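Asks: Provided below for reference: sequence and predicted model.
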Amino acid sequence: MLKARICMSVGLILIITASLAAAMPPWFAPNRRPGAKVIPVWPHLNIPAAKRARNLHLWPTLTEYRVDKNRSNGCAVVICPGGGYVYEAIHHEGYAIAAWLNKLGVSAFVLNYRLPHGKLPPSGVPWPLQDVRRAVQIVRAHARRWHINPRDVGVAGFSAGGHVAAMAGTLFLPGNPESPHPLDRLSTRPDFLILGYPVISMIPGITHPGSHAALLGNHCPLDVEKYFSANLMVTKLTPPTFICVARNDTVVPLANSLSFYHALKREHIPVVLRMYSTGEHGFGLGVPGTTSVKWPLACARWMRSMGFLGH
């Protein structure tokens, strides 16, 4: 029954999203950059070619937005669009963010992660977390060829994609130097996080109920909810973080951003929280006429102050 409801919700959301995207201005819903290379995250995943279409979310990919050697400052960001874990706002929370990062000399990689369909896989590791971990490893593995510093690889995420990014920063793998697979020898820990109006907690009363249901289902044990609440998993190894959110966001409770901010502060991890008076939820690079348009400049200044954009 849950699976049927989720599938029905996915269909309705995709129809609504497609119609909205058609009406959105180009600055909000840009098309993918012409000629952008699409890299499979798990090239040996047993998914028939006919089922690898993006909207089925069975075949995770990275879309390259690399900058050339002359413009690169060595920084790279894996981008996780939001969508409540039932779809992905790949345009304004993916391609638009990548194009903005390119202007800063940062190579970007838009992650199309697998959707969880309301339950954990047999491994107990959500598919989106598996995919973002591997995406970081892929970028690090190609760092030399792509003119990237492997110690300047960040993850950005928005809304539910912010939860994916926050999990990447709190539930990372250190890398196994003895692994027979070269990628598995590399750490999945991001060097920094950029979080836009993120889902952080899976605890009822704080979480975004739709994201919780789509990721963990409606009847999830409390210990599992706690484990996937990034604010409860912060350690001294959690990476520096920039967070932006609008005070008038009525979709994801502000307690998500605030709880992660305070958890990082307790561990003395560099963190900036920018709360804007207007912008509501899902503002991407910022909605004209609202204060949310200020966050890209604030984030760029923070990245520069942290040394990620060069000196």
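Replies: Structure's in. What do you need?
Asks: can you give me the helices in the protein?
Replies: In the chain, the helices defined using DSSP state H lie at 2-23, 96-103, 127-141, 160-170, 209-216, 222-227, 255-266, 295-305.
Asks: and of those, who's closest to residue 75?
Replies: helix 295-305 (7.4 Å; CB to CB). The C-beta positions use only the backbone N, C-alpha and C, and glycine is treated the same way.
Asks: So for the closest one, mean pLDDT?
Replies: Averaged across helix 295-305, pLDDT comes to 97.
Asks: Only C-alpha atoms, please: export it in PDB.
Replies: Presented in PDB, the C-alpha positions along helix 295-305 are these (Å, rounded to 0.1, in the frame of the first residue of the first chain):
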ATOM      1  CA  TRP A 295      23.200  33.900  -0.600                       C
ATOM      2  CA  PRO A 296      25.400  33.100  -3.600                       C
ATOM      3  CA  LEU A 297      27.600  36.100  -2.900                       C
ATOM      4  CA  ALA A 298      27.700  35.300   0.800                       C
ATOM      5  CA  CYS A 299      28.700  31.700   0.000                       C
ATOM      6  CA  ALA A 300      31.400  32.700  -2.400                       C
ATOM      7  CA  ARG A 301      32.900  35.000   0.200                       C
ATOM      8  CA  TRP A 302      32.800  32.100   2.700                       C
ATOM      9  CA  MET A 303      34.400  29.700   0.300                       C
ATOM     10  CA  ARG A 304      37.200  32.200  -0.400                       C
ATOM     11  CA  SER A 305      37.700  32.900   3.300                       C
END
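Asks: Give me the buried stretch members for it, please.
Replies: Across helix 295-305, burial judged by 16 or more other CB atoms under 10 Å covers 295-296, 299-300, 302-303.
Asks: farthest pair in the residues you listed?
Replies: Longest span within the buried residues of helix 295-305, CB to CB: 295 and 303, 12.1 Å.
Asks: Let me know the closest of the buried residues of helix 295-305 to residue 158.
Replies: Nearest to residue 158 among the buried residues of helix 295-305, with distances taken as CB to CB, is residue 295, at 11.1 Å.
Asks: nearest residue to that closest one other than its sequence neighbours?
Replies: Among residues not flanking residue 295 along the chain, residue 244 sits closest, at 4.0 Å (CB to CB, 6 or more residues apart in numbering).
Asks: For residue 149, give its distance to residue 142.
Replies: 12 Å (CB to CB, to the nearest Å).
Asks: Common neighbours of these two, please.
Replies: Residues touching both residue 149 and residue 142 (CB atoms under 8 Å, 6 or more residues apart in numbering): there are none.
Asks: which residues touch the residue nearest to residue 286 when sequence neighbours are not counted?
Replies: Spatial nearest neighbour of residue 286, chain neighbours left out: residue 293 (3.3 Å); criterion: CB to CB, 6+ apart. For residue 293, the contact set (CB under 8 Å, 6+ apart) comprises 279, 285-287.
Asks: Of the residues you listed, which belong to strands?
Replies: Judged by DSSP state E, strands contain none of these.
Asks: could I get these as a markdown table with neighbour count, pLDDT and distance to residue 113?
Replies: Shown next, in a markdown table, are the contacts of residue 293 (neighbours: other CB atoms under 10 Å; pLDDT from 0 to 100; distance: CB to CB, whole Å):
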| residue | neighbour count | pLDDT | distance to residue 113 |
| --- | --- | --- | --- |
| 279 | 26 | 94 | 25 |
| 285 | 18 | 95 | 21 |
| 286 | 22 | 94 | 24 |
| 287 | 18 | 93 | 25 |
